[in-house]
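Q: Pasting a predicted model and its sequence here:
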Amino acid sequence: MNLFPISSDQNLLPFDGEVFYYPDFFGESPGMKFFELLKNEIQWKQEPIWIFGKKVMQPRLTALYGDPEIPYGYSGIQMEAYPWTGKLQEIKERVEVQAGTHFTHVLLNYYRNGDDSMGWHRDNEKELGINPVIASVSFGAEREFQMRHYKQKNVKVNVHLKDGSLLLMQGSSQHHWEHQLPKRKKISSGRINLTFRRIIG
Ligand SMILES: O=C(O)CCC(=O)C(=O)O
Ligand SMILES: [Fe+2]
C-alpha cells in the first residue's frame with residue numbers, strides 16, 4: 001500500500017489527478033461549533049439506494065442543499081435540494097475562495113458513529129462536467145478516507161480527515177480514482193461531511 005505524506009498544498013495523488021488537503025482550514029478544533037449546529041439545523045434523512053437491483057438503506061444520513069432551480073440525481077435517487085442556510089452559505093463562501101470556483105450544491109453526510117460508512121465510488125455523474133472540483137469539508141470525529149486508482153486497485157492513498165479540514169479533489173481525479181469511507185467499529189462519535197459540487201446544467 002502506498003501512503004503519501006500530507007502537507008497543505010502538496011498533491012496527495014502520485015498521478016492521474018489532484019487532491020489537496022488542508023487540515024486546519026477552519027482553524028484549530030472548530031468542531032463543536034459547526035458539528036452541533038449542522039447536526040441540529042440540517043434536515044437529515046436516511047435514504048434508500050439501489051445496488052444491483054436491490055433497495056438498501058444507506059449506512060448514514062444525508063441531505064442536499066443548493067440552488068433550488070437545478071435538479072440533482074445521485075445513485076438513482078432524484079434529490080430535491082433545500083435552499084442554502086446562512087451557515088452553509090458561510091462555509092461555501094470560504095471554500096469557494098480556496099477552490100477558485102463556485103458551487104451550486106452541497107451534499108451532506110452524517111456518519112452517526114463508526115458503523116456508518118460510504119463504499120467505493122467516483123463522483124463522476126455527467127451533470128458535474130468533465131473534470132469536477134469537489135470540495136469536502138469535515139467536522140467532528142476524525143475518519144479515514146481511502147482512495148485507490150480505478151485501474152490499478154493496489155495503488156492506494158489514505159488520509160485521516162480531521163475536524164475542520166478541507167479536501168479538494170480536482171483535475172482528472174474523479175476519472176482515475178475512487179474513494180470510500182470505511183466502517184471503523186471503535187469510533188463511537190459522529191462526523192459530518194459536506195461535499196460541495198457544481199452542477200453544469
Ligand atoms: O464522507 C466523506 O468524506 C466522503 C463523502 C463522499 O465521498 C461523497 O459524498 O461523495
Ligand atoms: Fe464521493
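A: The structure has been received and is ready for your questions. Ligands and ions are numbered 1, 2, ... in the order given.
Q: Show me the strands in this structure, by range?
A: Assigned by DSSP state E, the chain shows strands spanning 18-22, 48-51, 54-57, 61-66, 72-74, 77-79, 105-111, 118-121, 134-140, 143-149, 156-161, 165-170, 177-181, 191-197.
Q: List of residues touching the biggest helix by length in the chain?
A: Scanning the chain for the longest helix, with DSSP state H as the assignment, gives helix 86-99. Contact with helix 86-99 is made by 22, 25-26, 34, 37-38, 41, 65, 84, 102-103, 106, 133, 135, 137, 166, 168, 170, 194, 196, as judged by Cβ atoms under 8 Å, 6 or more residues apart in numbering. Where C-beta positions appear, they are placed from N, C-alpha and C, glycine not excepted.
Q: Make a ChimeraX selection of whichever of those turn out to be buried.
A: Here is the ChimeraX command that selects the buried residues among these (16 or more other Cβ atoms under 10 Å):
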select :22,25,26,34,38,65,84,103,106,133,135,137,166,168,170,194,196
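Q: Quick one: name the residues of the protein near ligand 1.
A: 107, 109, 118, 123, 136, 145, 161, 179, 181, 193, 195 (Cβ under 6 Å from any ligand atom).
Q: Give me the spatial nearest neighbour of the residue in the chain positioned nearest to ligand 1, chain neighbours excluded.
A: Residue nearest to ligand 1 within the chain (Cβ to the nearest ligand atom): Asn193, separated by 3.4 Å. The spatially closest residue to Asn193, leaving aside those adjacent along the chain, is Asn109, at 4.5 Å (Cβ to Cβ, 6 or more residues apart in numbering).
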